[in-house]
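Asker: need a structure here:
(2 chains)
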Amino acid sequence: AQSVTQLGSHVSVSEGALVLLRCNYSSSVPPYLFWYVQYPNQGLQLLLKYTTGATLVKGINGFEAEFKKSETSFHLTKPSAHMSDAAEYFCAVSVSGNTPLVFGKGTRLSVIA
Amino acid sequence: GAVVSQHPSWVICKSGTSVKIECRSLDFQATTMFWYRQFPKQSLMLMATSNEGSKATYEQGVEKDKFLINHASLTLSTLTVTSAHPEDSSFYICSGRPVTGSVTGELFFGEGSRLTVL
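Answerer: Numbering: from 1, shown residues only, chains lettered A, B, ... in the order given. Alright, predicted model coming up:
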């Protein structure tokens, strides 16, 4: 079975600073990895995904993530935080098109002016 | 593309009543929809997998008689919380997976429904 661990339930950064949200996964087969963002009282929006091929994945709103198989990681980064980035971020894993996504516990990102 | 609409966004009901939440895929067909429940400041917990034309598959610990799921068409799944109690208050989110073009398992989520049971 797959699992996801997000290190840090809350991350706080200054506006303009680097954003780094950590995600480690466990899977017995090659995984598909996702980052979703959730704003208060809303559903989830896909930021980016890794399927196969290039390990550095670029997403929306300037976010990117790098798949590192040796470290079983898929950390999310953004060079310069914006106030509008404040939200809850979820890392998720699946192994096929027939299985549900398994989510991490989420990381709340706060951006300080 | 890949829009999922969920209704209602907010619902308040009295204890003992039933509430129906609708989940529609607006621009794709989904043989499978997933229903998640989210407690405040927590992650999403899978409740059940809704399969078009067949019975839903419930996760361990989820009462199938309390959370009735119907997936009558390729674009509509409903969750009915029967005889709701305050402990059922939560944020419910549905998601759909397109029939075609989603071998990676990507899901598209509705906006969520906030249920408050008084």
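Asker: is chain A contacted by the helix or strand of chain B with the lowest mean pLDDT?
Answerer: Ranking every helix and strand in chain B by mean pLDDT, DSSP states H and E puts strand B:108-109 at the bottom, with a mean of 89. Yes - Strand B:108-109 is in contact with chain A by C-beta under 8 Å from any C-beta of the partner chain, via B:Phe108, B:Phe109. All C-beta spots, glycine's among them, are computed from the backbone N, C-alpha and C.
Asker: residues in contact with the residue most central in space within chain A?
Answerer: Nearest residue to the geometric centre of chain A (C-alpha atoms, centre = their mean): A:Trp35, 3.5 Å. By C-beta atoms under 8 Å, 6 or more residues apart in numbering or on different chains, the contact list for A:Trp35 reads A:21, A:23, A:46-49, A:59, A:63, A:65, A:74, A:76, A:89-92.
Asker: against A:Thr107, how distant is it?
Answerer: Here A:Trp35 is placed at a distance of 10 Å from A:Thr107 (C-beta to C-beta, to the nearest Å).
Asker: please enumerate the shared neighbours of these two.
Answerer: Contact criterion C-beta under 8 Å, 6+ apart; residues shared by A:Trp35 and A:Thr107: A:Leu21, A:Tyr89, A:Phe90.
Asker: what's the end-to-end length of stretch A:14-31?
Answerer: Start to finish, the residues bounding stretch A:14-31 are 33 Å apart (C-alpha to C-alpha, to the nearest Å).
Asker: please compute how far that stretch lies from its chain's middle.
Answerer: Distance of stretch A:14-31 from the chain centroid (C-alpha atoms, centre = their mean, to the nearest Å) equals 5 Å.
Asker: now do stretch A:64-84
Answerer: That offset, for stretch A:64-84, works out to 7 Å (C-alpha atoms, centre = their mean).
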